[in-house]
Each structure stands twice: as C-alpha cells, then as structure tokens.
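> The following block contains a protein sequence and its predicted model.
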Amino acid sequence: MDGPFEDGDSDTLTVIIGEDAPARLDKALAAAVPEEAALSRSRLMRMLAEGAVLRNGVAVTDPKSKVLEGEVYSLRLDPAVEGETR
C-alpha cells in the first residue's frame, strides 16, 4: 500500500490499529489515520454515526467500541465536492 488509500481508491481508507493504541475506537482511529488523509476527529465521529466505518465489512457506529491491535477498519469517504466559485 503506497498511500493511505486502498488500491488507489480515494473513496476508501484502510486503517490498521497499531500497538499501544487507545482502547476506544474513536481515539484509536484519530491516532491511526495518516495525516495526509486530513480527517478531523469531528469528521471521524460523523463517519462513525453514519455507518461509514467498517470492521470485517460490518458498520461500527459506537465510538466507545473497544479495539485490538491489528484490527483492520475501512473508512468510506464521501467523494470530494468542488466548491462553486464566483
């Protein structure tokens, strides 16, 4: 994997929970998401609430869910929307 996105797909980000990660999903994701993905903690919380965070293909919506080292999460990202210029 060259960058943070799965197989060059900019709509899905794969995150692997590392060693010594925080026990809660929300905090672990905030720590594990690479900077170049530019996902704020509030956006991660919104993604959790919307079912856009998957573990083994199943949506995880509880930010307090416990995580384990080595777990793999897929984050479905909204496509970029171009802003209107005047």
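Perfect, I can see it now.
> and Pro22, what are its phi and psi?
The phi and psi torsions at Pro22 (degrees, to the nearest 10) take the values phi -60, psi 150.
> Tell me which stretches of the protein form strands.
Secondary structure of the chain (DSSP state E): strands at 12-16, 53-55, 58-59, 72-76.
> hmm, who's touching the third one?
Pointing back at strand 58-59 there. For strand 58-59, the external contacting residues (Cβ atoms under 8 Å, 6 or more residues apart in numbering) are 51-53. Yep, even glycine has a C-beta here, placed from its N, CA and C like the rest.
> Of the residues you listed, grab the buried ones for ChimeraX.
Selecting in ChimeraX just the buried members of those, where the criterion is 16 or more other Cβ atoms under 10 Å, is done with this command:
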select :52,53
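> Let me know the closest of the contacts of strand 58-59 to Gly70.
The nearest member of the contacts of strand 58-59 to Gly70, counting by Cβ to Cβ, is Val53 at 16.6 Å.
> okay if I get the strands of the chain as JSON lines plus distance to Ala32 and mean pLDDT?
JSON lines is the format used below for the strands of the chain (distance: least, Cβ to Cβ, whole Å; pLDDT from 0 to 100):
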{"stretch": "strand 12-16", "distance to Ala32": "5", "mean pLDDT": "94"}
{"stretch": "strand 53-55", "distance to Ala32": "12", "mean pLDDT": "97"}
{"stretch": "strand 58-59", "distance to Ala32": "18", "mean pLDDT": "96"}
{"stretch": "strand 72-76", "distance to Ala32": "8", "mean pLDDT": "96"}
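> Let me know which of these is tucked in deepest.
Most buried of these, by mean neighbour count (mean count of other Cβ atoms under 10 Å): strand 53-55, with a mean of 19.
> ok, that strand: who's next to it in the sheet?
In the sheet containing strand 53-55, its partner strands are strand 58-59 (antiparallel), strand 72-76 (antiparallel), by DSSP bridges.
> do you know which of those strands lies nearest Lys66?
For those, the distance to Lys66 is smallest for strand 72-76, at 13.0 Å, taking Cβ to Cβ.
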